[in-house]
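Enquirer: task: produce atomic coordinates for the following.
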Amino acid sequence: MSNAEFLLLAALFAVHLLADFYLQPQSWIKNRQRRLGSIALVAHSLVHSGGYLLVLLWWNHNYGWGWHFGPALLATTALGLSHYLIDLTKSYAKNSTGVFLLDQLLHAVMILLVWGYYCDGFTALQSAWQQFYQPAYLAVLLAYLWVLKPSSVLIQLLLQSWHSALPNQQAPQTLPAAGHHIGMLERVLILTFVLLEEYAGIGFLLAAKSVFRFGDLTRSSETKLTEYVLLGTLLSVSLSFLPALILKLWL
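Expert: Coordinates of the predicted model:
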């Protein structure tokens with residue numbers, strides 16, 4: 001992938017982010033519930049189309065075919081129309097994290113397809129895929145997958161025998177599965193910090209977690225809960241360090 005091709009891809013994604021999150025008033029979002037009768041949805045798609053057209057014409061002039069409007073108009077139409085249809089379909093679904101991520105994924109796929117077509121018949125897309133499809137990148141992906149659900153299951157199994165030894169006390173008011181998700185985010189951050197060799201970030205993360213947990217643990221009349229939390233934290237850190245160190249040694 002050349003620098004010019006990467007620049008076009010980055011510019012197209014920048015247009016998407018600006019038009020989707022910064023140039024869309026809240027009133028337009030509410031108006032989209034009218035679905036096919038939504039003027040705001042049409043306006044939103046036109047904002048996207050205008051941004052894409054400017055970027056494509058600018059790239060043509062500097063790196064491509066000069067001021068050729070035909071390919072730029074064709075690509076802009078594909079992106080603008082697909083954005084309208086994707087958002088129209090989204091308006092029939094209930095707002096949720098899954099719907100949001102699917103919506104953004106579909107927009108990203110369309111941008112990649114148009115970008116690949118625009119850059120000499122998908123050769124840029126094939127080149128980008130070949131660069132990604134390397135053992136090092138796949139190993140990093142595997143490490144991130146490991147520190148999420150598999151590590152959570154392993155920690156739960158390792159702590160199972162100690163969990164039954166905790167004193168019976170009224171359960172505190174906590175968010176459902178909050179500890180599970182906090183642990184996953186913690187391990188992702190630790191893995192990232194180790195790979196970037198930003199070890200101070202790990203210290204800051206653990207210190208911040210200790211500060212927030214200090215009040216709960218000091219108010220506990222039993223030391224068992226403190227030991228249980230400390231075991232869980234150390235296991236979480238260890239299971240994050242292990243794949244990171246293996247990666248660094250291997251790479």
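Enquirer: domain boundaries for the chain, per the record?
Expert: 3-132, 135-250 (automatic domain parsing).
Enquirer: what mean pLDDT does the longest one get?
Expert: For domain 3-132, the per-residue pLDDT values average out at 86.
Enquirer: same question, stretch 210-222
Expert: Mean predicted confidence for stretch 210-222 is 60.
Enquirer: now for the longest helix seen in the chain, which elements pack on it?
Expert: Longest helix in the chain, counting residues (DSSP state H): helix 224-250. For helix 224-250, the packing partners by 3 or more C-beta pairs under 8 Å, 6 or more residues apart in numbering; DSSP states H and E come out as helix 135-146, helix 149-158, helix 160-163, helix 178-195, helix 199-219. In short, each C-beta sits where N, CA and C put it, glycine included.
Enquirer: for the shortest one, what is the average pLDDT?
Expert: pLDDT averaged over helix 160-163 equals 76, rounded to a whole number.
Enquirer: identify the residues contacting Phe241.
Expert: Phe241 sits next to 190, 194 when contact means C-beta atoms under 8 Å, 6 or more residues apart in numbering.
Enquirer: mind doing that once more with 10 Å?
Expert: Counting by C-beta atoms under 10 Å, 6 or more residues apart in numbering, Phe241 touches 147, 187, 190-191, 194, 202.
Enquirer: for Lys94, helix, strand, or coil?
Expert: Following DSSP: H, G, I helix; E, B strand; the rest coil, Lys94 is assigned to coil.
Enquirer: give me the neighbour count for it.
Expert: Residues lying near Lys94 (other C-beta atoms under 10 Å) number 6.
Enquirer: same thing with Ser240?
Expert: 25.
Enquirer: do the same with the one 5 residues further on
Expert: Neighbour count of Leu245, defined by other C-beta under 10 Å: 12.
Enquirer: any idea which of the domains of the chain is most buried?
Expert: Neighbour counts (mean count of other C-beta atoms under 10 Å) averaged over each of these peak at domain 3-132, with a mean of 16.
Enquirer: pLDDT at the residue nearest to Ala139 when sequence neighbours are not counted, what is it?
Expert: Once flanking residues are discounted, Ala139 sits nearest to Leu247: 5.9 Å by C-beta to C-beta, 6 or more residues apart in numbering. Looking at Leu247, its pLDDT is 86.
Enquirer: give the contact list for Leu247.
Expert: Leu247 touches 136, 139-140, 142-143, 191, 194-195, counting by C-beta under 10 Å, 6+ apart.
Enquirer: and the pLDDT at Ile234?
Expert: I think there's a mix-up here, since residue 234 is Leu and not Ile. 86.
Enquirer: who's in contact with it?
Expert: Leu206.
Enquirer: and it, how far from Ile155?
Expert: Plainly put, Leu234 is 10 Å away from Ile155 if you go by C-beta to C-beta, to the nearest Å.
Enquirer: same check on Ala177?
Expert: 14 Å.
Enquirer: and if you look at Tyr228?
Expert: Taken as C-beta to C-beta, the span from Tyr228 to Ile155 is 12 Å.
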